[in-house]
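> Quick one: sequence plus predicted model below, questions after.
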Amino acid sequence: MSVNPVSEEDVETDMARQKFQKEILLLAFRAGKLLLANGAEIFRVEDTVYRICRAYGLQSVRAFVLSSALFLTAGNETEPQFAEVWQIPVNAANLTRVAELNELSRHIELTHCSPEEIRAELDRIENMPDFPLWLQVLAGGVCGAAFSCMFEGDPADFACAFVIGLLFELYFTRIGQPHFSRIVRNILGGALIAALSILFCHSGLGHHLQSLMTGGIVLMVPGVAFTNGIRDLADGDYLSGEIRLLDALIVFFCIAIGVGSVMALYGWFTGGAPL
């Protein structure tokens, strides 16, 4: 039985096809990493990876996603063998990047753009600047003041909660986040909010301690992690959902330690005198 020889052109074509497929796999993996690092849900990470790969005919891809890790494999008779594992550190959520990556995956499905175009878009999204410090601090002040009013605060409480929010955001962005672990950062943040709230009430500038504390504590609540944890559980991603919920509960516990410690110290020094 004769065997048809494989021409050099066929070999080069096959090598070029495998190189192209591997490039797509790496780009899909990078997109998944960026989504997970910026607070996306598990199902969204998997969906994006599959959308990008299947837009270019890659059907053997298997993605396994946890809240802090991404595993991607591929390979069969016609597709290249591929395996990547990446640990994703827990970062603050950036939903702007998540929205941009979500749009990019849909755009790839519709247009089948080149790997160079995908890489350029991923570079742009990854290097998107964060919000400027002054805007983060201002937003913290406005958010704290608004929630203080929601919890029966008066105009004086609104002004005090605005200052507390400003000071907390300055602490969080300039001292806490760069220099402390998450647990220490959150304990000290809760203590700072409680101390400032007591100070304002004790000086007569603020009138309702509960309103001031609530306005400040809301800035520390991990709403994205808590919401995504519940959504992951609802989608059947039980392990990731439990990890995210546990992470959120640890933050709540740290806030309670910080606030409770300051309240206990104040009561000890004043003999339990009411504010």
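Arrived safely. Numbers count the residues shown, from 1 in each chain.
> what about residue 99, is that helix, strand or coil?
Per DSSP: H, G, I helix; E, B strand; the rest coil, the local secondary structure of residue 99 is helix.
> ok, now how distant is it from residue 113?
In this structure, residue 99 and residue 113 are separated by 19 Å, where distance is defined by C-beta to C-beta, to the nearest Å. Just so you know, the C-beta spots here come from the backbone N, C-alpha and C atoms, and that holds for glycine as well.
> Strands of the stretch 1-150 of the chain, start to end?
62-66, 69-74, 82-87 (DSSP state E, counting those that start in this stretch).
> Next, format those strands as TSV and append distance to residue 53.
Listed next are the strands of the stretch 1-150 of the chain as TSV, based on distance: least, C-beta to C-beta, whole Å:
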stretch	distance to residue 53
strand 62-66	9
strand 69-74	7
strand 82-87	10
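> List the buried residues of the top helix by length along the chain.
When the chain is scanned for its longest helix (criterion: DSSP state H), the result is helix 238-270. For helix 238-270, the neighbour count (16 or more other C-beta atoms under 10 Å) marks 240-241, 243-245, 247-248, 251-252, 254-255, 257-259, 262-263, 266 as buried.
> Residue 193 is in what secondary structure piece?
Residue 193 belongs to helix 182-203 when elements are defined using DSSP states H and E.
> What is the burial count for residue 176?
Using other C-beta atoms under 10 Å, residue 176 is surrounded by 20 other residues.
> Excluding chain neighbours, what is closest to it?
Excluding its sequence neighbours, the residue lying closest to residue 176 (C-beta to C-beta, 6 or more residues apart in numbering) is residue 185, at 4.0 Å.
> ditto for residue 35
In space, residue 35 is closest to residue 45, 4.7 Å off (C-beta to C-beta, 6+ apart).
> what pLDDT does the one you found get?
Looking at residue 45, its pLDDT reads 90.
> So which of the strands of the stretch 1-150 of the chain is nearest residue 225?
Distances from residue 225 to each of those were compared using C-beta to C-beta; the shortest belongs to strand 62-66, at 13.9 Å.
> Run the angle between the closest one and strand 69-74 for me.
Inter-element angle recorded for strand 62-66 and strand 69-74: 180 degrees (by axes from the mean of the first three to the mean of the last three C-alpha atoms, to 10 degrees).
> circling back: what's near enough to touch the residue nearest to residue 176?
Under the criterion of C-beta atoms under 8 Å, 6 or more residues apart in numbering, the neighbours of residue 185 are 172, 176-177.
> ok, those residues vs residue 23, which is closest?
Proximity of the contacts of residue 185 to residue 23 (C-beta to C-beta) peaks at residue 177, which lies at 35.2 Å.
> residues in contact with the helix or strand hosting that closest one?
Secondary structure from DSSP H and E places residue 177 in helix 177-179. Around helix 177-179, the neighbours that count as contacts under C-beta under 8 Å, 6+ apart are residue 185.
> Next: stretch 58-66.
Contact partners of stretch 58-66, identified using C-beta under 8 Å, 6+ apart, comprise 21, 24-25, 28, 32, 36, 42, 45-46, 49-50, 53-54, 70-76, 79, 237, 239-240, 243.
> What mean pLDDT does that stretch get?
Averaged across stretch 58-66, pLDDT comes to 86.
> May I see the buried residues of that stretch?
With burial defined by 16+ other C-beta under 10 Å, the residues of stretch 58-66 counted as buried are 58, 60-61, 63, 65-66.
> what would those look like in CSV with distance to residue 208?
Formatted as CSV, the entries for those read as follows, by distance: C-beta to C-beta, whole Å:
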residue, distance to residue 208
58, 59
60, 61
61, 56
63, 50
65, 44
66, 43
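> Grab the nearest non-local neighbour of residue 210.
Spatially, and ignoring its direct neighbours in sequence, residue 210 is nearest to residue 151 (6.5 Å; C-beta to C-beta, 6+ apart).
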